[in-house]
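[1] prediction below, plus the sequence it came from.
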Amino acid sequence: MEIEFYGATRRVTGSCHILRANGFTVLLDCGLMQGSREVEALNREPFPFDPADIDAVVLSHGHIDHSGRLPLLVNRGFSGPIYTHHGTIELCRILLRDSAMLSENDARFMQKHGQRNAEPLYTVEQAQQCVSGMTGLRYGERREILPGIAVTLFDAGHILASAFVRLEITEGETSRTLVFSGDLGQYDSPILNDPETLGHADTVIVESTYGDRQHRDFEKTLAEIGEIIETSCRECGNILIPAFSIGRSQELLYLFGMNFEKWKLDQWQVFLDSPMAIEASRIYWHYEELWDEEARLFRRNMRKMPPVGNLHLTGRVEESMKINDIHEGAIIIAGSGMCNGGRIVHHLKRNIERPECHIIITGFQAEGTLGRQIVEGRSEVRLHGRSYRVRAQLHTVGGLSAHGDRNDLLRWLKSREGSPKVMIVHGEESVKESFREFLLDEIAIDALVPKPGDRLDLASNQLRRAEPEAQ
Ligand SMILES: [Zn+2]
């Protein structure tokens, strides 16, 4: 029995690991690589295995960097089951469809501009077919997915229905427990529960997106958002919030509801300008059983979600375009979260050169994205082929991240039983190394950072490198 590390080892996006045990092959996630054009081109490359040979997939959560290549896997010959949480299936329905639509649009654009053979990565129909083949599980429900391989999902507190995965593997006389973190959320974050206890494991694969830093204290983050809204109100501008449709948008609306009076939000018009975020919100508000105590109590008192009176859900393009006429008093939540497409780009064009406007960055910005350029403080950015000076005021609000910081990751690892081998994945190179050192200092865990193609023998926890280490 072994695990081969494939994606999410050298770069942050594109999670995918290959488990081989008892004569079966199981994929843990099958994510899309996101970032610059060169990085995204990698999605088209052949898988380092024959998709027809994969017996099953276990999907940790809906985010596209974990699920986005599943339709492609199906196209290329995979016909087995995909196990994931019920709620993740709902979210994948909209996420994978959106991913397919973007890809179809791109292909059409390229065909128009001379590349006649340009094809989408997959079509909307193929995405829908993939989702219809998913099998839903509940948290804590143990399912033997193949002889000798049992799966249990636990709440990872990252986005709705996100899971970390426990795999109990038996091969002959040998039994081992592997825990794959997927993406882990922050403790005490709004709406969602804390990540569950890690429990017994012989091997743990842990993400490290924010393994080198500590998020700002949540209360301070709230105070900061309150101050930005107040300042912005005085300066008569708009506030733009690029946000991921799933998770961040709902969290923001929830926080707006909780702080409605304190932040004097009655003086603003709030726009959720994203058809996908609107759909995702419906799923979020539907799955009350997956919320934490505080959110349930809040709903009981408010009787409405989200409790924001002047909220406009601008699903249609014409509605979205009307926002262009508003020069002050609009809080616009729009995708994409990393500004590399979507309606937020249109709003940036209207507002980025205006010093009275504010941009609030609330999530991770991958290398090569427009959001990353903005966060890095570029004085000029290109939007739809034209240069714009960045004169709007920029705020990076760290405390709202869907990912736990290094202390959250540490807290989760501390909830382990036994002394598992820890493998660090899903972070930028320097971050993984920094997190490795942090774990060594804090809890004397000597973790390993696998590279693509490396294989870990699960019985012995010995790592075989695909390439010898440089001396
Ligand atoms: Zn995620």
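    Received the coordinates, thanks. Numbers count the residues shown, from 1 in each chain.
[2] outline the domain layout of this protein.
    When the chain is parsed with automatic domain parsing, its domains come out as 2-213+406-464, 218-400.
[3] low-confidence stretches in the protein?
    Counting by pLDDT under 70, the chain contains low-confidence ranges at 7-13, 303, 305, 468-471.
[4] hang on, the earlier thing: take the domains of the chain and lay them out in a markdown table including mean neighbour count.
    Backbone N, C-alpha and C define where each C-beta goes, glycine included. Putting those into a markdown table (neighbours: other C-beta atoms under 10 Å) gives the following:
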| stretch | mean neighbour count |
| --- | --- |
| domain 2-213+406-464 | 20 |
| domain 218-400 | 18 |
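[5] any residues of the stretch 51-200 of the chain in contact with the ion? List them.
    Counting by C-beta under 5 Å from the ion, the positions of the stretch 51-200 of the chain adjacent to the ion are 63, 183.
[6] now the strands: where do they sit in the stretch 51-200 of the chain?
    Chain-ordered strands for the stretch 51-200 of the chain, with DSSP state E, counting those that start in this stretch as the definition, fall at 56-58, 82-85, 134-137, 143-146, 149-155, 163-171, 174-180, 199-200.
[7] out of those, the one nearest residue 223 is which?
    With C-beta to C-beta, the closest approach to residue 223 among the strands of the stretch 51-200 of the chain belongs to strand 149-155: 28.3 Å.
[8] what helices and strands are in contact with the closest one?
    Contact analysis of strand 149-155 by 3 or more C-beta pairs under 8 Å, 6 or more residues apart in numbering; DSSP states H and E lists strand 82-85, strand 143-146, strand 163-171 as its packing neighbours.
[9] just how off-centre is the longest one within its chain?
    From the chain centre to the centre of strand 163-171 is a distance of 22 Å (C-alpha atoms, centre = their mean, to the nearest Å).
[10] cool, and the second one?
    Per C-alpha atoms, centre = their mean, the displacement of strand 143-146 from the mean C-alpha position of its chain is 26 Å.
[11] for residue 262, which of the strands of the stretch 51-200 of the chain is the nearest?
    Each of the strands of the stretch 51-200 of the chain was scored for nearness to residue 262 using C-beta to C-beta, and the closest is strand 149-155 (29.6 Å).
[12] now what about the closest one, what contacts it?
    Residues from elsewhere that reach strand 149-155, judged by C-beta atoms under 8 Å, 6 or more residues apart in numbering: 19, 21-22, 24, 26, 56, 58, 83-85, 137-145, 162-170, 192-197, 199, 290.
[13] please repeat the previous calculation with a cut-off of 7 Å.
    Outside strand 149-155, the residues that touch it by C-beta atoms under 7 Å, 6 or more residues apart in numbering are 21-22, 24, 26, 58, 83, 85, 137, 139-145, 163-169, 193, 195-196.
[14] check the gap between residue 199 and the ion for me.
    Separation of residue 199 from the ion (C-beta to the ion, to the nearest Å) stands at 21 Å.
[15] so which helix or strand takes in residue 270?
    For residue 270, the enclosing helix or strand under DSSP states H and E is strand 269-273.
[16] show me what that strand pairs with in its sheet, parallel or antiparallel.
    Taking DSSP bridges as the criterion, strand 269-273 sits next to strand 311-313 (parallel), strand 330-334 (parallel) in its sheet.
[17] okay, these in JSON lines with distance to the ion next?
    Formatted as JSON lines, the entries for the strands paired with strand 269-273 read as follows, by distance: least, C-beta to the ion, whole Å:
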{"stretch": "strand 311-313", "distance to the ion": "24"}
{"stretch": "strand 330-334", "distance to the ion": "19"}
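[18] what is the burial count for the residue in the stretch 351-471 of the chain that the ion sits nearest to?
    Distance from the ion to each residue of the stretch 351-471 of the chain (C-beta to the ion) is smallest for residue 402, at 6.4 Å. A total of 26 residues lie near residue 402 under the criterion other C-beta atoms under 10 Å.
[19] next, the nearest residue to it once chain neighbours are set aside: phi, psi?
    Taking C-beta to C-beta, 6 or more residues apart in numbering, and ignoring the residues beside it in sequence, residue 402 has residue 247 as its nearest neighbour in space, at 4.9 Å. With angles defined as degrees, to the nearest 10, residue 247 shows backbone torsions of phi 100, psi -70.
[20] residue 53 contacts residue 25, correct?
    Yes - with contacts defined as C-beta atoms under 7 Å, residue 53 counts as touching residue 25 at a distance of 5.8 Å.
[21] what sits against the most centrally placed residue in the chain?
    Nearest residue to the geometric centre of the chain (C-alpha atoms, centre = their mean): residue 63, 4.4 Å. With contacts defined as C-beta under 7 Å, 6+ apart, the neighbours of residue 63 are 159, 183.
[22] how far away is it from residue 384?
    Distance of residue 63 to residue 384, given as C-beta to C-beta, to the nearest Å: 26 Å.
[23] from the chain's centre, how far out does stretch 457-471 sit?
    Between the mean C-alpha point of stretch 457-471 and the mean C-alpha point of its chain there is a distance of 29 Å (C-alpha atoms, centre = their mean).
[24] export that stretch as CSV, just CAs?
    Backbone C-alpha positions of stretch 457-471 (Å, rounded to 0.1, in the frame of the first residue of the first chain) are rendered in CSV as follows:
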residue,chain,number,x,y,z
ASP,A,457,5.0,3.3,1.5
LEU,A,458,2.1,3.4,4.0
ALA,A,459,3.2,0.2,5.8
SER,A,460,6.7,1.5,6.7
ASN,A,461,6.1,5.3,6.2
GLN,A,462,9.2,5.3,4.0
LEU,A,463,9.3,7.9,1.3
ARG,A,464,10.8,7.0,-2.1
ARG,A,465,11.8,10.1,-4.0
ALA,A,466,11.1,10.2,-7.7
GLU,A,467,14.3,12.1,-8.2
PRO,A,468,17.3,11.9,-6.0
GLU,A,469,17.7,15.0,-3.8
ALA,A,470,20.3,17.5,-5.0
GLN,A,471,23.4,17.5,-2.9
